[in-house]
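S.K.: Have a look; sequence and predicted model below, questions after that.
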Amino acid sequence: MTPANLMQIILTKGCPAMPHTTLPETPLSETPLPAPAGESTRFTDHLWDVTADLRRAIDGLEFLRRLGDGTLPVESFRTYIEQDGLYLEGYAKALALLASRAPDPVDGAFWATSAATAVTVEKSLHADLLGDPRLGDAPTSLEHSPACLGYVSYLTATAATDSYAVGAAAALPCFWIYAEVGRTLAASAREVLAADPDHPYARWVTTYDAEDFQVSADRAREVVDAAARDTGPDERARMTRAFVVALRYELLFWDTALHTTPWPAA
C-alpha cells in the first residue's frame, strides 16, 4: 500500500487494519452527528463519546503498553522521539494559524502560547532525551514517516483552509489524548519510575502526566467548546470528523514507531 493510498483510506474510510493491532473501521460518513450544543452540554464530551472504540484501540497499542512497562526497544523509542520532534515543528505552525484566526483574543493567546511551547519546551525535552547515550547514536538525517507527514499536513491544511472551529477540533486530540495517555502510563510505569527516575521513558511519562500539561488539555477543551457554541449543526459535524481523523493519526503515529512503515523505494 502506498502512502497516498494509506492517507486516502484514513480520510474517507478509517484506519486500515494492521496485523499487530485491531483498529476500528467506522467510516466517517457513519460518525454520529452531535446534538445541538446547549449550555449544559459540552461539545467535547460528544467528541469523547463518539471516539470510544478508537480510544480503546489506542489504549491497547503495543507501543504504549511496552513504554509503560519499560520493555519498548530503545530503537522504537528513539524513532518515536525523532518523529515527534518533526511533528512538533508542523504542529506549532498549525497552532499559530489558529492563533491568527481565533475570533476571541484570549483564545488566540492560548493557541499562540501553545505554539511557542511546542517549539521551545517540548522540543528541548526531545533534544535532552535524544542526547541520552542509552538511546544510541542519532541518524545523519531525518525524514518524516508517512504517518508523521500525513498528520502534520492534515493539521496545517485544516487550520489554514477550513473554518477556525474545524481547525481547533483537529488540534484538540494532541492535547487531550496525550494528557490521558500520560495519566494512564504514570500509573502503569510506577516500577520503571521507582527503579530509575532518570530513565528516558520515565521522563517522557512524567512530562505528559504533569499538572501543567493536564491544565493545557483542559483549556484546549474549553476553547473548542466555545468554538462549537458559535456554529451550526453542519459545522459541528465537520468538527467531529476533524477530531476523529486527527485521533486516527495519533494512533498511527504511535503504532508506526514500533511497527515502522517505510516509504516506497524511489
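M.R.: Nice, thanks for sending it over. Since the structure is predicted, the reported quantities are computational estimates derived from the model, not experimental observations.
S.K.: C-alpha from now on. contacts and neighbour counts both.
M.R.: Fine.
S.K.: Spatially, which residue comes closest to residue 242, not counting chain neighbours?
M.R.: Nearest residue to residue 242, sequence neighbours excluded (Cα to Cα, 6 or more residues apart in numbering): residue 170, at 4.9 Å.
S.K.: and the strand or helix carrying the one you found, what does it pack onto?
M.R.: Per DSSP states H and E: residue 170 is located in helix 164-188. In terms of contacts (3 or more Cα pairs under 8 Å, 6 or more residues apart in numbering; DSSP states H and E), helix 164-188 is packed against helix 62-69, helix 74-101, helix 146-161, helix 200-208, helix 211-229, helix 233-258.
S.K.: For that helix, buried residues please.
M.R.: Buried residues in helix 164-188, defined by neighbour count with 16 or more other Cα atoms under 10 Å: 164-186, 188.
S.K.: re the thing from before, the helices and strands packed on helix 164-188: which one's closest to residue 44?
M.R.: Residue 44 sits nearest to helix 211-229 of all the helices and strands packed on helix 164-188, at 6.2 Å, using Cα to Cα.
S.K.: one step back: so how far is the helix or strand that comes right after the helix holding residue 170 from its chain's centroid?
M.R.: Once the chain leaves helix 164-188, the next helix or strand it forms, by DSSP H and E, is helix 190-195. Its chain's C-alpha centre and that of helix 190-195 lie 25 Å apart, by Cα atoms, centre = their mean, to the nearest Å.
S.K.: try stretch 72-83
M.R.: Distance, centroid of stretch 72-83 to centroid of chain: 16 Å (Cα atoms, centre = their mean).
S.K.: mind listing what's buried in it?
M.R.: 72, 74, 76, 77, 78, 79, 80, 81, 82, 83.
S.K.: contact partners of it?
M.R.: 63, 66, 126, 129-130, 134-136, 142, 144-145, 148, 254, 257-258 (Cα atoms under 8 Å, 6 or more residues apart in numbering).
S.K.: now swap in stretch 195-205 and tell me
M.R.: By Cα under 8 Å, 6+ apart, the list of residues contacting stretch 195-205 reads 67, 68, 70, 129, 132, 182, 185, 186, 189, 192, 193.
S.K.: Where does pLDDT dip in the stretch 151-266 of the chain?
M.R.: The model of the stretch 151-266 of the chain has pLDDT under 70 over residues 198, 266.
S.K.: returning to what we had before: between helix 74-101 and the helix holding residue 170, find me the angle.
M.R.: 150 degrees (axes from the mean of the first three to the mean of the last three Cα atoms, to 10 degrees).
S.K.: Now do helix 164-188 against helix 233-258: the angle between them, please.
M.R.: Going by the same axes, to 10 degrees, helix 164-188 makes 40 degrees with helix 233-258.
S.K.: when you give positions from now on, start the count at 428
M.R.: Noted, 428 is the first residue going forward, which turns the last one into helix 591-615.
S.K.: just how off-centre is helix 591-615 within its chain?
M.R.: 6 Å.
S.K.: Just the buried ones from the contacts of stretch 622-632?
M.R.: So, by 16+ other Cα under 10 Å, the buried ones in the contacts of stretch 622-632 are 494, 495, 497, 556, 609, 612, 613, 616, 619, 620.
S.K.: Residue 667: which of the residues you listed is nearest?
M.R.: Closest approach to residue 667 among the buried ones among the contacts of stretch 622-632 (Cα to Cα): residue 609, at 23.5 Å.
S.K.: and the gap between that closest one and residue 588?
M.R.: Distance of residue 609 to residue 588, given as Cα to Cα, to the nearest Å: 31 Å.
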